[in-house]
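>>> Have a look at this fold, sequence not included:
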């Protein structure tokens with residue numbers, strides 16, 4: 001656990017000892033880093049968020065549903081494509097090709113890696129990510145979970161220390177600036193924190209607490225395990241007692257990066273599967289228990 005406020009570390013503790021802990025899988029927390037890469041690509045003019053994916057992945061043009069999917073919907077996981085966790089298997093030769101063949105149902109897919117690869121026209125998507133995001137954050141030797149063709153899996157894979165993960169939080173608090181380097185423009189970064197009509201609790205690869213105050217507190221991780229027909233994303237929040245401007249990078253097993261701009265605070269929680277409540281944890285950390 002790591003808590004930072006106003007750029008200072010105010011609490012830090014690791015169950016495995018040591019002053020900085022060790023690297024730990026952040027699972028789907030990986031998505032948020034690729035979300036920043038996507039915004040960097042928008043800034044570079046590679047695409048616009050409301051462009052049709054089928055303009056690049058032309059195999060989708062003949063599909064009446066896939067042909068209407070935008071890049072924004074792809075990143076906000078509202079594209080209606082099958083979730084397909086099987087894409088994470090190490091044995092898959094070409095994950096991108098499998099991703100773009102997934103059927104539409106009503107869950108997110110994994111076609112962004114292929115879209116970025118095509119937009120880069122021969123340049124490596126990993127090299128682009130490192131140049132525009134990870135190297136600027138001082139993050140090296142990352143696990144990209146590459147398939148046999150070298151395609152990275154943006155959905156999961158990274159292992160980071162709490163301090164390393166907190167650097168993403170510093171970028172958010174800095175409105176796209178990290179230690180004097182503007183990684184994405186502030187106005188573009190704000191696009192990541194706008195919810196959608198189908199899911200007001202999720203922006204572009206970041207979870208949102210914007211419905212807080214009077215909403216029903218929900219365990220987002222458990223909600224993701226439900227059949228898509230049973231998940232209810234309107235009128236829910238992560239914690240009613242946390243500020244509504246809080247954004248979260250969320251990984252399985254309750255790996256969490258909470259960023260609260262109004263408090264200039266970053267909270268990292270890493271651990272193994274165990275009984276855990278985001279809302280209860282945040283009330284304890286923020287001193288809002290009764």
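Thanks, I have it. Quick caveat, the model's predicted, so the values are computed rather than measured. Numbering: from 1, shown residues only.
>>> Can you report how many residues neighbour residue 252?
15 (other CB atoms under 10 Å). For glycine as for every other residue, the C-beta is placed from the backbone atoms N, C-alpha and C.
>>> wait, residue 275
6.
>>> Okay, and it sits in which element?
Under DSSP states H and E, no helix or strand contains residue 275.
>>> what's the spacing between it and residue 281?
Note on residue 275: its distance to residue 281, by CB to CB, to the nearest Å, is 11 Å.
>>> Check residue 246 too.
Residue 246 is 12 Å from residue 281, by CB to CB.
>>> do the same with residue 263
As for residue 263, its distance to residue 281 is 15 Å (criterion: CB to CB).
>>> before we move on, what about residue 74?
In terms of CB to CB, residue 74 sits 31 Å off from residue 281.
>>> Between these two, point out the one with more neighbours.
Neighbour count, other CB under 10 Å: between residue 74 and residue 281, residue 74 has more, with 22 against 18.
>>> how close does the more buried one sit to residue 155?
12 Å.
>>> same thing with residue 47?
Applying CB to CB to residue 47 and residue 155 gives a distance of 19 Å.
>>> Compare those two (neighbour count), which wins?
residue 155 (24 against 19).
>>> thinking the more buried one is in contact with residue 29, fair?
No. The pair residue 155 / residue 29 is not scored as a contact, 10.3 Å apart, by CB atoms under 8 Å.
>>> Who's the closest spatial neighbour of the residue nearest the centre of the chain, skipping the chain neighbours?
Taking CA atoms, centre = their mean, the centroid of the chain lies closest to residue 32, which sits 2.6 Å from it. Spatial nearest neighbour of residue 32, chain neighbours left out: residue 249 (3.9 Å); criterion: CB to CB, 6 or more residues apart in numbering.
>>> you'd agree the one you found is in a strand?
Yes. The assignment for residue 249 is a strand, going by DSSP: H, G, I helix; E, B strand; the rest coil.
>>> Correct me if wrong: it contacts residue 36.
No. Contact criterion CB under 8 Å: residue 249 and residue 36 do not qualify, at 10.3 Å.
>>> Low-confidence stretches in this protein?
Scanning the chain for pLDDT under 70 picks out 16-20, 79-110, 227-229, 290.
>>> Return the distance of the helix or strand hosting residue 282 from the chain's centre.
Element membership for residue 282 (DSSP H and E) is helix 278-286. How far helix 278-286 lies from its chain's middle: 21 Å, per CA atoms, centre = their mean, to the nearest Å.
>>> Go ahead and name everything in contact with it.
Contact with helix 278-286 is made by 3, 217, 219-220, 238-242, 248, 254, 256, 258, 263, 267, 269, 288-289, as judged by CB atoms under 8 Å, 6 or more residues apart in numbering.
>>> which residues touch residue 32?
Counted by CB under 8 Å, 6+ apart, residue 32 has contacts 168, 205-206, 249, 257.
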